[in-house]
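A predicted structure for the sequence below; I have some questions about it.
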Amino acid sequence: MPAIEAVKLEREFKGRIKAVDGVDLAIEAGEVYGFLGPNGAGKTTTVRMLVTLLRPTGGSARVAGYDVASEPDAVRRRIGVALQEAALDPLMTGTELIELQAKLHGIAPEKVTRRGEELIERVGLVEARDRRVGTYSGGMRRRLDLAMALIHEPGVLFLDEPTTGLDPVSRMTLWEEVRRLKHEGTTVFLTTQYLEEADQLADRVGIISDGRLVAEGTPAVLKAQVGQPHLEIALMDGGDRERAVEVLAGFGAPRPPAEGFELAVTVAEGATEIAGIVRALDDANLIVASLELVEPTLDDVFVEKTGRHLEGAGEADEAGGEPGGSA
Amino acid sequence: MIRPVRALAGRALRNASRRPQFFVPMLVFPSLLLAANTGGFSRTTQLPGFPKVHGFLDYQLAAAITQSLLLGGVSVGIAVALEIESGFFDRLIASPIPRTSIVFGRLAATFCIALLQVAFFLALGLVFGAEVQGGVGGALLVLLVGAIAGTGFGGIGMSLALRARNASLVQGIFPFAFVILFLSSAFFPMDLLQAPADWVAAYNPLSYIAEGLRNPIIAPVDAGAVLDGLVAALGVTAAMTGLSVFFLRGRLREP
């Protein structure tokens, strides 16, 4: 049974605006699902329906086995939710907020303090726990928000753009925590505008545009659909370009090189072909000055499927995203 | 139901104590108006038809209490609207608690704060020479009627917040409550009001709440007046609690 399932899910607002238009989802238990889309694509509206904050106007959805429309209480008991902007009460301390959340989730009074301390420690807020949340940085607020969402050890966790606006270090910390949750078997529904984030964290990615799911699959499969990786090569002291072209012809189809490089060749097998290419060039007395493996990105997928770039594409590199195979 | 109500009420009380900019005006402004009225209109007690009272301060205490409780309602409305604007309210709605407990938790805190407000004005009156003619029992009745009325006014603020979802709008709408206060017998006896103010005051629940608060202060307890005040306060509280729950449910159907 999928942990999250939606069938032709719809949400229409006043003025007959369809924010979500027939979305189908089937997310297995323990999976990290990245829900990608630009602002206004329908990501948050979909999440709000799945977490019972908004009633669907069409279709149906089940979360943790319960219908979001007819069994919302059962759904809420089984999910953790960290919504956009980390909505926290600035007048309360971290400890007070996490204990309030524990009480609202019906955790036994004798366990409230211990569970709160565990989570505060897990998200690295021990020193700040007795400070008012209004004094927290954006990263600290997100970590506290995540801790609150985990207070009742939910089987399904919804993270709505958890790293938007965070500095690179805070973003990496959140990523680590998502990986840890996956390792523990939690199903994570992660909405994001950041391609690198989806690429790094998600087992599968769904791309939503204008309320419709336009593509879905593992990042590797989606990227393979739009093209193969290629290798950009620069030779030491210019080298013998004609000779290099002859050598590379045995590996794959040539393509126009990017600026700063002299040669480019398609490598269907990706990084595994790099060693062979370098050896072949070396045998022909051609010294490689630099090379870069360029793989199709989720942005390429997004452009292919929607005809436009995703907002925020490339920003994750600033957050410490790992470029593919630079040498 | 009881546990989340207690947890949310505790949070609201703690936050009220940490937000003096909301709490202090509830006490300061009515105190200033009380001082101004008592100083400037004290000879009003000599007007024909004015009830026999120990002093004009005694008479005006009920008006100050009612005004303070209405300001408490504004604070509740703004606090709830700010929670909606910040998204914290969504966190509460996404929790596995009866959604009505969000309303009841806030109103339980409002009841406690209203008790403190009434106690403050009774103490202030006593310090400046007022006397509670109804004795300790009368003072307890004033506390009871005031706390229930304050809860009802909190319900007005909460309803507005759930409907408007905007703190500025709540702040902008609420002054009308003070127009309604001035169109009641809170400040002057009904018999001394001119038409159509006397007609409006006769149908205005604030008149009965103010009289219910005033009676034990200015005279031995008259069960009829106190009961009228209690019924009016309970009526406002029941109506506004119901309206808050209705708007909360409506909010879930809309964006």
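Perfect, I can see it now. Numbers count the residues shown, from 1 in each chain, chains lettered A, B, ... in the order given.

alpha carbons only for contacts and neighbour counts from here, please
Will do.

for stretch A:73-86, the distance to its chain's centre please.
18 Å (Cα atoms, centre = their mean, to the nearest Å).

That stretch near chain B anywhere?
Yes: judged by Cα under 8 Å from any Cα of the partner chain, stretch A:73-86 and chain B are in contact via A:Asp73, A:Ala74, A:Arg76, A:Arg77, A:Val81.

which outside residues touch that stretch?
Residues outside stretch A:73-86 that contact it (Cα atoms under 8 Å, 6 or more residues apart in numbering or on different chains): A:51-52, A:63-64, A:66-68, A:105, A:141-142, A:145-146, A:149-150, A:152-162, B:91, B:94-97.

Could you do stretch A:174-189 as well?
So stretch A:174-189 is in contact with A:3, A:28-35, A:143, A:154-159, A:162-163, A:197, A:201, going by Cα under 8 Å, 6+ apart.

Below-threshold pLDDT in the chain: ranges please.
Since you didn't name a chain, this refers to chain A. Counting by pLDDT under 70, chain A contains low-confidence ranges at A:85-86, A:238-239, A:307-327.

actually chain B
B:252-255.

picking that back up, inside strands: which ones of the contacts of stretch A:73-86?
A:Val63, A:Tyr66, A:Asp67, A:Val156, A:Leu157, A:Phe158, A:Leu159, A:Asp160 (DSSP state E).

I'd guessed the first one sits against A:Met49; true?
It refers to A:Val63. No: at 10.4 Å, A:Val63 and A:Met49 do not qualify as touching, with contact defined as Cα atoms under 8 Å.

quick one, which of these two is more surrounded?
Comparing A:Val63 with A:Met49 by other Cα atoms under 10 Å in any protein chain shown, the one with more neighbours is A:Val63, at 25 against 21.

which residues touch that one?
Contacts of A:Val63 (Cα under 8 Å, 6+ apart): A:Ala3, A:Ile4, A:Glu5, A:Leu50, A:Val75, A:Val156.

Next: B:Arg3.
Contacts of B:Arg3 (Cα under 8 Å, 6+ apart): A:Lys103, A:Leu104.

which element is it on?
helix B:2-17 (DSSP states H and E).

do B:Val142 as well
helix B:135-164.

That helix packs against which elements?
helix B:56-86, helix B:100-127, helix B:167-173, helix B:205-218, helix B:223-253 (3 or more Cα pairs under 8 Å, 6 or more residues apart in numbering or on different chains; DSSP states H and E).

Contacts only, for A:Gly65.
Contacts of A:Gly65 by Cα under 8 Å, 6+ apart are A:Met1, A:Pro2, A:Ala3, A:Ile4.

can you count the residues close to the residue lying closest to the second one once chain neighbours are set aside?
In this structure, A:Pro2 finds its nearest non-sequential neighbour in A:Glu28, 4.4 Å apart by Cα to Cα, 6 or more residues apart in numbering or on different chains. Neighbour count of A:Glu28, defined by other Cα under 10 Å: 16.

A:Gly155 is in contact with A:Glu28, correct?
No: contact criterion Cα under 8 Å: A:Glu28 and A:Gly155 do not qualify, at 11.3 Å.

one step back: would you turn the helices and strands packed on helix B:135-164 into JSON lines with mean neighbour count and distance to chain A?
Below are those laid out as JSON lines (neighbours: other Cα atoms under 10 Å in any protein chain shown; distance: least, Cα to the nearest Cα, whole Å):
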{"stretch": "helix B:56-86", "mean neighbour count": "26", "distance to chain A": "6"}
{"stretch": "helix B:100-127", "mean neighbour count": "21", "distance to chain A": "10"}
{"stretch": "helix B:167-173", "mean neighbour count": "17", "distance to chain A": "16"}
{"stretch": "helix B:205-218", "mean neighbour count": "28", "distance to chain A": "33"}
{"stretch": "helix B:223-253", "mean neighbour count": "19", "distance to chain A": "6"}
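
where's the most centrally placed residue in chain A, which helix or strand?
The centroid of chain A falls nearest to A:Ala198 when counting by Cα atoms, centre = their mean (2.6 Å). Assigned by DSSP H and E, A:Ala198 falls within helix A:195-201.

quick check: domain ranges of chain A?
According to automatic domain parsing, chain A is divided into the following domains: A:4-224, A:228-294.

most packed of the ones you listed?
domain A:4-224 (a mean of 20; mean count of other Cα atoms under 10 Å in any protein chain shown).

Can you give the distance of it from its chain's centre?
11 Å.

start to end distance for it?
Length of domain A:4-224, first residue to last, Cα to Cα, to the nearest Å: 26 Å.

and what of stretch B:213-222?
Stretch B:213-222 stretches 11 Å from its first residue to its last (Cα to Cα).

Strands along the stretch 1-150 of chain A, start to end?
Assigned by DSSP state E, counting those that start in this stretch, the stretch 1-150 of chain A shows strands spanning A:4-13, A:17-27, A:32-36, A:58-63, A:66-67, A:79-82.

For those strands, give me JSON lines that also has distance to B:Lys52.
As requested, the strands of the stretch 1-150 of chain A are exported to JSON lines (distance: least, Cα to Cα, whole Å):
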{"stretch": "strand A:4-13", "distance to B:Lys52": "61"}
{"stretch": "strand A:17-27", "distance to B:Lys52": "65"}
{"stretch": "strand A:32-36", "distance to B:Lys52": "74"}
{"stretch": "strand A:58-63", "distance to B:Lys52": "68"}
{"stretch": "strand A:66-67", "distance to B:Lys52": "66"}
{"stretch": "strand A:79-82", "distance to B:Lys52": "62"}
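
Minimum distance to A:Leu248: which of the ones you listed has it?
strand A:32-36 (36.8 Å; Cα to Cα).

what lines up beside the closest one in the sheet?
Strand pairing for strand A:32-36, determined by DSSP bridges: strand A:187-192 (parallel), strand A:204-209 (parallel).

Compute the inter-axis angle for the first one and strand A:4-13.
Angle of strand A:187-192 versus strand A:4-13, following axes from the mean of the first three to the mean of the last three Cα atoms, to 10 degrees, is 40 degrees.

can you check the last one too?
For strand A:204-209 and strand A:4-13, the angle between their directions (the same axes, to 10 degrees) works out to 10 degrees.

Format the CA atom coordinates belonging to strand A:204-209 as PDB.
Taking Å, rounded to 0.1, in the frame of the first residue of the first chain, the C-alpha atoms of strand A:204-209 are listed here in PDB:
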ATOM      1  CA  ARG A 204      11.900   9.800  -7.300                       C
ATOM      2  CA  VAL A 205      11.000  13.300  -8.600                       C
ATOM      3  CA  GLY A 206       7.600  14.600  -9.800                       C
ATOM      4  CA  ILE A 207       7.600  17.800 -11.800                       C
ATOM      5  CA  ILE A 208       4.400  19.900 -11.500                       C
ATOM      6  CA  SER A 209       3.600  22.800 -13.900                       C
END
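
Mind giving me the packing neighbours of the helix or strand following it?
Where DSSP H and E defines the elements, the next helix or strand beyond strand A:204-209 is strand A:212-217. Packing contacts for strand A:212-217, counted by 3+ Cα pairs under 8 Å, 6+ apart, involve strand A:17-27, strand A:204-209, helix A:298-306.

Distance to A:Leu88 for the ones you listed - can I get that in CSV?
As requested, the helices and strands packed on strand A:212-217 are arranged in CSV below (distance: least, Cα to Cα, whole Å):
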stretch, distance to A:Leu88
strand A:17-27, 26
strand A:204-209, 28
helix A:298-306, 32
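
ok, now which ones touch B:Gly155?
Contacts of B:Gly155 (Cα under 8 Å, 6+ apart): B:Gly73, B:Leu107, B:Thr237, B:Met240, B:Thr241, B:Ser244.

try 6 Å this time
Residues near B:Gly155 by Cα atoms under 6 Å, 6 or more residues apart in numbering or on different chains: B:Met240, B:Thr241.

No further queries at this time; thank you.
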